[in-house]
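[1] Sequence and predicted structure, then a few things I'm wondering about:
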Amino acid sequence: MKKYNPYDNFLETIEAAAGILGLKKPDYEAIKYPERELKVAIPVEMDDGSVKVFEGYRVQHSSTRGPCKGGIRYHPDVDIDEVKALAAWMTFKCAVVNIPYGGSKGAVNVDPQQVSKKELKRLTRRYTAMILPLIGPERDIPAPDMNTNEEIMGWIMDTYSMFKGYTVSGVVTGKPVGIGGSVGRSTATGRGVMLVTKEILHRIGIPVYDTTVAIQGAGKVGGVAARLLHKEGMKIIALSDISGGVLNKRGLDIPKIMDFVDGGGLLSEYKNGDFEYITNEELITCDAYVLIPAAMENQLNEKLAKTIKAKVIVEGANGPTTVEADRILNEQGVVIVPDILANAGGVIVSYFEWVQNIQSLTWDFDEVNRTLEKIIIRAFNQVWEKMHAKGSTMRMGAYMVALERLADAKRIRGIFP
């Protein structure tokens, strides 16, 4: 069987969007290729005195519409094709919500659970030094992603600043508020998922209150979305993390469960309440009206797509649905809010943080959340209109909105020299 390649998935999607728009090859050919791909070897002195070398990446997909923007993930299975796809999705995500960024992504092949905090700090600082020529507030701005957090962003900012000789707050986003981070950034992606979930239900005439939801992932995206959707009156019947999931068709006690998870517990260890344990696969195929995959890529595949009962899918994760699964789900009449729109809340508030840093000012929580809602709902409206104008899916609508903006920017700038 051919190995799944998320970048091929991306290329197939933009070819389809370009075909619907009637774009000629020269209009978008450059967008199919990352501008830069850097692979680095990161030697780290371990606590026992040995030296271990980790593999790292930074891919800049496009800087046509502004500085590159994209997170850094730490994961033992990451590879260059995954990083290329994530960088490309960031380009389209920034274009669809119309903020002045291009797309990038970084990664280190490491399991953070298998190294000490001191080892993780040394690894992060050395990785920062290795990618230093590519990053900067005007070039490429990293942010947290899978298995990285605001503390790690603080280490990156400090390392970059030490090389420059002065504090450069704007080199990363998603850092602690005490060193220039923005209030509302840590919950922004999950908040964006909540906003677009409410909006899609409104558009198709389904009430928010008591509508059932299953969420794969209980971290920075899924966990936050679970709390916020529960607060909005939706019935979260299933939730999962890396260890498995819990299900109660009458609704889970989300505040209690999330307090347990946020305290470091795994759902497989949770005991307090009325529920049954399920696998991640059982969560994906359970009888919820809304399914929110908010974990890894490639979770909704061709095999599972045929058994999915959800009527609405809101993609909290990047690339959770394969091309084959997408076709099957569309044929089944499932409405899919694509990742480049659904999980754009994080990069939108990262943009706010960067603006605050370069202008040396701060926004309050209400301003951040109000402006986030304004931008993501405006983007939703534009995607919805494009979808209806072209008789396409929401995914194609989102890719068409983004691709038009990217092709237009490339046409205006021209090809150097």
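    Nice, thanks for sending it over. Just so it is clear, the model here is predicted, and its values are computed rather than measured.

[2] Regarding the protein, what is its longest helix?
    helix 365-390 (DSSP state H).

[3] Show me what that one is packed against.
    Here helix 365-390 touches helix 80-96, helix 188-203, helix 339-342, helix 345-359, helix 394-413, going by 3 or more Cβ pairs under 8 Å, 6 or more residues apart in numbering; DSSP states H and E. Where C-beta positions appear, they are placed from N, C-alpha and C, glycine not excepted.

[4] Could I get the average pLDDT for that helix?
    Mean pLDDT, helix 365-390: 98.

[5] Out of the helices and strands packed on helix 365-390, which is the most enclosed?
    For the helices and strands packed on helix 365-390, the largest average neighbour count (mean count of other Cβ atoms under 10 Å) is found in helix 339-342, namely a mean of 29.

[6] from the middle of its chain, how far away would that helix be?
    Helix 339-342 has its C-alpha centroid displaced from the chain centroid by 8 Å (Cα atoms, centre = their mean, to the nearest Å).

[7] Give me the residues contacting that helix.
    89, 92-93, 96-97, 192-193, 196, 314-320, 376, 379-380, 383, 394, 398-399, 402 (Cβ atoms under 8 Å, 6 or more residues apart in numbering).

[8] Over to stretch 104-123?
    42, 44-47, 54-61, 68-79, 82-84, 86-87, 90, 127, 131, 140, 142, 145, 147, 152, 155.

[9] If we use 6 Å, what do you get?
    44, 46-47, 54-60, 68, 70, 72-74, 76, 78, 83, 86-87, 127, 140, 142, 147, 155 (Cβ atoms under 6 Å, 6 or more residues apart in numbering).

[10] Going by neighbour count, which of those residues are buried?
    44, 54, 56-60, 68, 70, 72-74, 78, 83, 86-87, 127, 140, 142, 147, 155 (16 or more other Cβ atoms under 10 Å).

[11] Can you list which of the residues you listed are found in helices?
    Among the buried ones among the contacts of stretch 104-123, the members falling in helices (DSSP H) are 83, 86-87, 127, 155.

[12] closest to residue 29 among these?
    Closest to residue 29 out of these is residue 87 (17.4 Å), distances taken as Cβ to Cβ.

[13] so the closest one touches residue 61, yeah?
    Yes: counting by Cβ atoms under 6 Å, residue 61 is a contact partner of residue 87 at 3.9 Å.

[14] what residues are shared contacts of those two?
    residue 103.

[15] in stretch 373-391, what's buried?
    Buried, per 16+ other Cβ under 10 Å, within stretch 373-391: 373, 375-376, 379-380, 382-384, 386-387.

[16] Same question for stretch 240-249.
    Buried, per 16+ other Cβ under 10 Å, within stretch 240-249: 240-241, 244-248.

[17] which outside residues touch that stretch?
    216, 218, 237-239, 266-268, 274-280, 283.

[18] Now the buried members of these.
    The buried subset of the contacts of stretch 240-249 (16+ other Cβ under 10 Å) comprises 216, 218, 237-239, 267, 275, 278, 280, 283.

[19] Rebuild those residues as JSON lines, extending it with distance to residue 112 and secondary structure.
    JSON lines is the format used below for the buried ones among the contacts of stretch 240-249 (distance: Cβ to Cβ, whole Å; DSSP: H, G, I helix; E, B strand; the rest coil):
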{"residue": "216", "distance to residue 112": "21", "secondary structure": "strand"}
{"residue": "218", "distance to residue 112": "17", "secondary structure": "coil"}
{"residue": "237", "distance to residue 112": "31", "secondary structure": "strand"}
{"residue": "238", "distance to residue 112": "27", "secondary structure": "strand"}
{"residue": "239", "distance to residue 112": "23", "secondary structure": "strand"}
{"residue": "267", "distance to residue 112": "19", "secondary structure": "helix"}
{"residue": "275", "distance to residue 112": "29", "secondary structure": "coil"}
{"residue": "278", "distance to residue 112": "26", "secondary structure": "strand"}
{"residue": "280", "distance to residue 112": "21", "secondary structure": "helix"}
{"residue": "283", "distance to residue 112": "24", "secondary structure": "helix"}
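
[20] Pick out whichever of the residues you listed sits closest to residue 349.
    Using Cβ to Cβ, those come closest to residue 349 at residue 218, 20.6 Å.

[21] which residues sit in contact with the closest one?
    239, 241, 261.

[22] swap in residue 399?
    Here residue 399 is in contact with 13, 17 (Cβ under 6 Å, 6+ apart).

[23] Could you report the distance from residue 355 to residue 61?
    Residue 355 is 22 Å from residue 61, where distance means Cβ to Cβ, to the nearest Å.

[24] Tell me where the model's unsure across this structure.
    Counting by pLDDT under 70, the ranges of the chain that qualify are 1-2.

[25] Could you chop it up by domain?
    34-167, 188-342 (automatic domain parsing).

[26] now the longest one, how far from the centre of its chain.
    In other words, domain 188-342. Distance, centroid of domain 188-342 to centroid of chain: 15 Å (Cα atoms, centre = their mean).

[27] Could you give the number of residues near the residue lying closest to residue 304 once chain neighbours are set aside?
    Spatially, and ignoring its direct neighbours in sequence, residue 304 is nearest to residue 284 (5.6 Å; Cβ to Cβ, 6 or more residues apart in numbering). Close neighbours of residue 284, defined as other Cβ atoms under 10 Å, add up to 28.

[28] And the strands in the stretch 101-250 of the chain?
    Secondary structure of the stretch 101-250 of the chain (DSSP state E, counting those that start in this stretch): strands at 102-108, 140-144, 212-216, 235-241, 244-247.

[29] partners of the last one in the sheet?
    For strand 244-247, the paired strands and their directions (DSSP bridges) read strand 235-241 (antiparallel), strand 276-278 (antiparallel).

[30] Run through who's touching the last one.
    Going back to what we said before, that points to strand 276-278. 244-245, 247.

[31] Distance to residue 407 added to the strands paired with strand 244-247, as JSON lines?
    Supplementary listing: these in JSON lines, determined by distance: least, Cβ to Cβ, whole Å:
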{"stretch": "strand 235-241", "distance to residue 407": "39"}
{"stretch": "strand 276-278", "distance to residue 407": "44"}
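
[32] so what secondary structure elements neighbour the longest strand along the chain?
    Secondary structure of the chain per DSSP state E: the longest strand is strand 51-62. Applying 3 or more Cβ pairs under 6 Å, 6 or more residues apart in numbering; DSSP states H and E, we find strand 51-62 packed against strand 36-45, helix 80-96, strand 102-108.
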